[in-house]
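1. Need the 3D shape of this:
(chains A and B)
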2 protein chains.
Amino acid sequence: MNRILEEVIRQNGATVDRILSEHTLGYVVSDNVANAVAETSFDNTSAQAIVKHLNGLLVSTCQSVVRDIDPANKLCFMRLATRKFEYLVAPEEYFTITVVQ
Amino acid sequence: MNRILEEVIRQNGATVDRILSEHTLGYVVSDNVANAVAETSFDNTSAQAIVKHLNGLLVSTCQSVVRDIDPANKLCFMRLATRKFEYLVAPEEYFTITVVQ
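-> Reported below is the predicted structural model:
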């Protein structure tokens, strides 16, 4: 599992650098199985908070809600605009990527 | 409460018509206090499902999550891209507007 993730992170290094050079505060990549931080540009406390709340609790609730409304549907991407930031969450099969901008 | 909502719906009638004439499947406006459908372009069953799951459960979870990460922050707008549709949810003080496109 971790090797898949590391491989993906390595392959997308250039894209990550490009995204970070624009109006982005940072990103967190979390492992879906362990629900742990895999790669982040934040400090550990902020990253843990985002992983625990956003990637852990919210993404699974969202997926359930989308499936409750239409069982043949599936969540692809989530954008949360808040007063201070915008959270962009991309849930994948093995990992979840959250970008804060 | 209902009078405020009816007033807002009446004032925004033209905007609603414009939005609906584009690539939109429909919309639901729900009352935050009673958690009931106030105005919709869907049939009652679909509207009830959206209000119950999206506006009732998900918006409050989202607001808690955003506040858990940063207590001074507040949810403004939520976009859920799914395989079939995109849900755009705008939580306001007295009502929540959901557009499906």
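2. does chain B sit close to whatever helix or strand A:Val28 lives in?
-> In this structure, A:Val28 sits in strand A:26-31 according to DSSP states H and E. No - shown here: strand A:26-31 not in contact with chain B (Cβ under 8 Å from any Cβ of the partner chain), separated by at least 11.0 Å. Bear in mind the C-beta positions are built from the backbone N, C-alpha and C, glycine included.
3. ok, that strand: who's next to it in the sheet?
-> Strand A:26-31 has the following strand partners under DSSP bridges: strand A:36-40 (antiparallel), strand A:95-100 (antiparallel).
4. just the ones you listed: most buried one?
-> A comparison of the strands paired with strand A:26-31 by mean neighbour count, using mean count of other Cβ atoms under 10 Å in any protein chain shown, puts strand A:95-100 on top with a mean of 22.
5. Identify all contacting residues around that one.
-> Residues outside strand A:95-100 that contact it (Cβ atoms under 8 Å, 6 or more residues apart in numbering or on different chains) are A:5, A:8, A:19, A:24-32, A:38, A:42, A:50-51, A:54-55, A:59, A:85-90.
6. Spell out which residues of chain A are next to chain B.
-> A:49-50, A:53-54, A:57-58, A:61-62, A:65-66, A:68-70, A:72-85, A:87.
7. Go through chain A and flag its longest strand.
-> strand A:75-82 (DSSP state E).
8. Give me the angle between it and strand B:75-82.
-> 170 degrees (axes from the mean of the first three to the mean of the last three Cα atoms, to 10 degrees).
9. List the pairing partners of strand A:75-82 within its sheet, with orientation.
-> Paired strands of strand A:75-82, with direction, are strand A:86-91 (antiparallel), strand B:75-82 (antiparallel) (DSSP bridges).
10. could those go into JSON lines alongside mean neighbour count and mean pLDDT?
-> Listed next are those as JSON lines, based on neighbours: other Cβ atoms under 10 Å in any protein chain shown; pLDDT from 0 to 100:
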{"stretch": "strand A:86-91", "mean neighbour count": "20", "mean pLDDT": "89"}
{"stretch": "strand B:75-82", "mean neighbour count": "19", "mean pLDDT": "90"}
